[in-house]
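**Student:** Make a model of this:
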Amino acid sequence: MKRINDAFLFAREARVLQGTTAVSGLERLHDLLAEVSGELSWQLEGRRGARGEFLLHLTVEGVIPLACQRCLGAIPFQVEVDNLLELVPVDAELSQDELEDDSRDFLPLEKELDVVELVEDEILLSLPVAPRHEHCVLPGTAEAGERINPFAALAGFKGKPN
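**Tutor:** Sure thing, here's the model as predicted:
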C-alpha cells in the first residue's frame, strides 16, 4: 500500500511518486465493473502554486471494463484522470468564495495520504453515471421474438359474471 507520511512536505519538496495498481485492489469499483481485471498506472507530483499553496498533480491512465446498465456486458472505459488538488489542513476555515471557486479542488488532510485511496476516489469521480453501449439488446430479448403480455391470461375473465 502506497502512503505518503506528510503530503505537505511531499508538495513542498516537489517529489514525484508513480506506480501501478491492480483493479482488484480498488474494492469500491468492483460493483461497477463487468469483471475485476486489469491495472491502472498513476503518477502523483507535488508542487507549490503561485500563491504558495501546496498542490498535488494526479494523473491516472488505463482501461477498466465497466458494466453496461442495459445489458450488463463489459464496456471498455478509458480512464484518463488529470487533476490538480490543493492541499488544505483538515481544520482550515475556507471562505465561501474559496468553496464556490470551481477552478480549485481542495483535498483536506491531516498530513498522511493514502495514494491508492486517492487514485480510487478520483477514478470514481471520473466515471459516467450510467454507462451504456451505444447499441445493445436487453437481456432475454435477443432470442424472445414475440413479446409475451403478462396480462393475457386475465383476458379470458373479461366479461364473465362474478
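**Student:** Looking only at residue counts, what's the top strand in the protein?
**Tutor:** Determined from DSSP state E, the single longest strand within the chain is strand 74-89.
**Student:** Contacts made by the helix or strand following that one with the rest, please.
**Tutor:** Downstream of strand 74-89, the first helix or strand assigned by DSSP states H and E is helix 96-100. Outside helix 96-100, the residues that touch it by C-beta atoms under 8 Å, 6 or more residues apart in numbering are 104, 106. For every residue, glycine as well, the C-beta is placed using N, CA and C.
**Student:** can I get the CA coordinates of the helix or strand following helix 96-100 in PDB?
**Tutor:** Heading C-terminal from helix 96-100, the first helix or strand you meet, by DSSP H and E, is strand 105-109. C-alpha atoms of strand 105-109 as PDB (Å, rounded to 0.1, in the frame of the first residue of the first chain):
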ATOM      1  CA  ASP A 105     -10.200  21.300  -6.000                       C
ATOM      2  CA  PHE A 106      -9.400  21.100  -2.300                       C
ATOM      3  CA  LEU A 107      -8.000  18.000  -0.600                       C
ATOM      4  CA  PRO A 108      -8.300  18.300   3.200                       C
ATOM      5  CA  LEU A 109      -5.600  16.300   5.000                       C
END
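**Student:** ok and strand 105-109 relative to strand 74-89, angle-wise?
**Tutor:** 70 degrees (axes from the mean of the first three to the mean of the last three C-alpha atoms, to 10 degrees).
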